[in-house]
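Asker: The following comprises the amino acid sequence and a computationally predicted model.
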Amino acid sequence: MLAAYAARADPADPLSALNVGDIDPPEVPADWVQVNVRAAALNHHDIWSLRGVGLAADRLPMILGCDAAGVTDDGREVIIHAVINDPDFVGSDATYDPARSLLSERYPGTLAVAVRVPRANAIPKPPELSFAEAACLPTAWLTAYRMLFTQSGAKPGDTVLIQGAGGGVATALITLGRHAGLRVWVTSRDEARGARAVALGAHQAFPSGTRLPERVDAVMETVGAATWSHSINALRPGGTLVICGATSGDNPAKAELTKIFFKPLRVIGSTMGTRAELISLTQMLITTGVRPVIDRTLPLTDAAEGFAAMINGDVFGKIVVEP
Ligand SMILES: NC(=O)c1ccc[n+]([C@@H]2O[C@H](COP(=O)([O-])OP(=O)(O)OC[C@H]3O[C@@H](n4cnc5c(N)ncnc54)[C@H](OP(=O)(O)O)[C@@H]3O)[C@@H](O)[C@H]2O)c1
């Protein structure tokens, strides 16, 4: 089966660990359903996997990918929910399952001609969404939806700061935040990306690290070490920082512990989202008419080109691949 997979791990040169070619997919539970992939999307998660972060050597080779939309063998058009729970997990929130994994961590991922998932992880794809648009939702957009609407406590009229304008999560946060009545501020290292963020719906873009005109109610953090202090400083007393990633590293020069307790702030970790949140997200896209920004669409065989652009920070929105 044609797939993009991690053949090994290389912390310094992740692209050298990527193979695109034929691979025998490992076994998955017999009752899982096959989804024939029409479109998949790349995430920074795949690059972490190629670096060996979160993917143990004894699980290699591993087909990459968390995001896809496709058609089941019985003809249903579906979107993949990439959070795979322990079948015995009894909590109401899939992201709190201590034994959860994401596709491509324990079971083969979506950057392939086909992927197999538990039946409940194949949710209906509304006809209003193209396969490419639907493929952008399961990771970046679901994560953004949960950060804003489940975790941040932000209400219409509040100001939300989004660090790092161009990423898949950031562009989703800008779009969803704008359509939810929030005042959306973004930062970017790049003036042109900041301008694109404003064209997308942000009310204002600022150079990374600049002092803002006023303090904000919530910060959405995906950049990590490079923006951590700015995020803490930007919040009003009682504000909320929601963090889902650390692209620039997870060890900031200053942890800012005093400011966190003295202001006092809420710092909330967030990962992916539930099946119900993914369904609500698709409904929000239908009712608002908004769609994911797609930076480019590539054949699966050119996945390396897409990953290179992400590593260089040369992206605005999601990169879609088609098998
Ligand atoms: N927990 C979860 O469930 C979950 C889900 C999705 C993503 N994530 C994580 O969230 C992070 C974002 O992922 P993504 O795919 O949306 O985007 P990404 O490709 O990792 O980049 C996001 C943005 O970060 C900014 N950035 C990168 N390096 C920077 C640096 N050194 N200094 C300042 N800004 C920097 C860039 O913005 P500018 O150039 O515009 O400044 C870039 O556009 C990743 O670490 C990913 O692993 C986690």
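Answerer: It's in. Numbers count the residues shown, from 1 in each chain.
Asker: Return the residues of this protein in contact with the ligand.
Answerer: Counting by CB under 6 Å from any ligand atom, the chain comes close to the ligand at 43-45, 48, 139-140, 143, 164-170, 188-190, 193, 208, 222-223, 226-227, 244-248, 271-272, 310, 313, 315. No exception for glycine: its C-beta is placed from N, CA and C like everyone else's.
Asker: Show me what the longest helix along the chain is packed up against.
Answerer: Secondary structure of the chain read by DSSP state H shows that its longest helix is helix 275-288. Judged by 3 or more CB pairs under 8 Å, 6 or more residues apart in numbering; DSSP states H and E, helix 275-288 is in contact with strand 122-124, helix 142-146, helix 168-179.
Asker: tilt between it and helix 168-179?
Answerer: Angle of helix 275-288 versus helix 168-179, following axes from the mean of the first three to the mean of the last three CA atoms, to 10 degrees, is 60 degrees.
Asker: ok, the helix or strand following helix 275-288: who's next to it in the sheet?
Answerer: Next along the chain after helix 275-288, taking DSSP states H and E as the criterion, comes strand 294-299. Strand pairing for strand 294-299, using DSSP bridges, gives strand 318-322 (parallel).
Asker: Got the confidence number for the residue with the largest distance to the centre of the chain?
Answerer: Distance from the C-alpha centroid of the chain peaks at residue 262, with 31.2 Å (CA atoms, centre = their mean). pLDDT recorded at residue 262 is 97.
Asker: Next: residue 313.
Answerer: pLDDT, residue 313: 85.
Asker: Could you do residue 27 as well?
Answerer: Reading off the model, residue 27 has pLDDT 88.
Asker: again, but for residue 273
Answerer: pLDDT at residue 273 comes out at 98.
Asker: What is the burial count for it?
Answerer: 29 (other CB atoms under 10 Å).
Asker: Enumerate every residue touching it.
Answerer: Residue 273 makes contact with 83, 95, 142, 143, 145, 146, 150, 281 under the criterion CB atoms under 8 Å, 6 or more residues apart in numbering.
Asker: Is the residue positioned nearest the centre of the chain part of a helix or strand, or is it coil?
Answerer: Centroid-nearest residue in the chain, with CA atoms, centre = their mean: residue 140, separated by 2.3 Å. Under DSSP: H, G, I helix; E, B strand; the rest coil, residue 140 falls in the helix class.
Asker: roughly how far apart are it and residue 293?
Answerer: Distance of residue 140 to residue 293, given as CB to CB, to the nearest Å: 10 Å.
Asker: What lies in contact with the strand or helix carrying residue 161?
Answerer: Using DSSP H and E, the element containing residue 161 is strand 159-162. Residues from elsewhere that reach strand 159-162 (CB under 8 Å, 6+ apart): 148, 152, 154, 170, 173-174, 177, 182-187, 197, 202, 212, 214, 216-220, 231, 234.
Asker: Between the helices and strands packed on helix 275-288, which one is closest to residue 36.
Answerer: Residue 36 lies closest to strand 122-124 among the helices and strands packed on helix 275-288, at 11.2 Å (CB to CB).
Asker: Output the longest helix of the chain in CSV with nothing but the alpha carbons.
Answerer: Taking C-alpha atoms only, helix 275-288 is exported to CSV below (Å, rounded to 0.1, in the frame of the first residue of the first chain):
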residue,chain,number,x,y,z
ARG,A,275,-15.8,13.0,18.8
ALA,A,276,-18.7,15.3,19.8
GLU,A,277,-16.6,18.4,19.5
LEU,A,278,-15.5,17.3,16.0
ILE,A,279,-19.2,16.9,15.0
SER,A,280,-19.9,20.4,16.5
LEU,A,281,-17.0,21.8,14.6
THR,A,282,-18.3,20.5,11.3
GLN,A,283,-21.8,22.0,12.1
MET,A,284,-20.1,25.3,12.9
LEU,A,285,-18.5,25.3,9.4
ILE,A,286,-21.8,24.6,7.8
THR,A,287,-23.7,27.3,9.7
THR,A,288,-21.0,30.0,9.3
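Asker: Perfect, that will be all.
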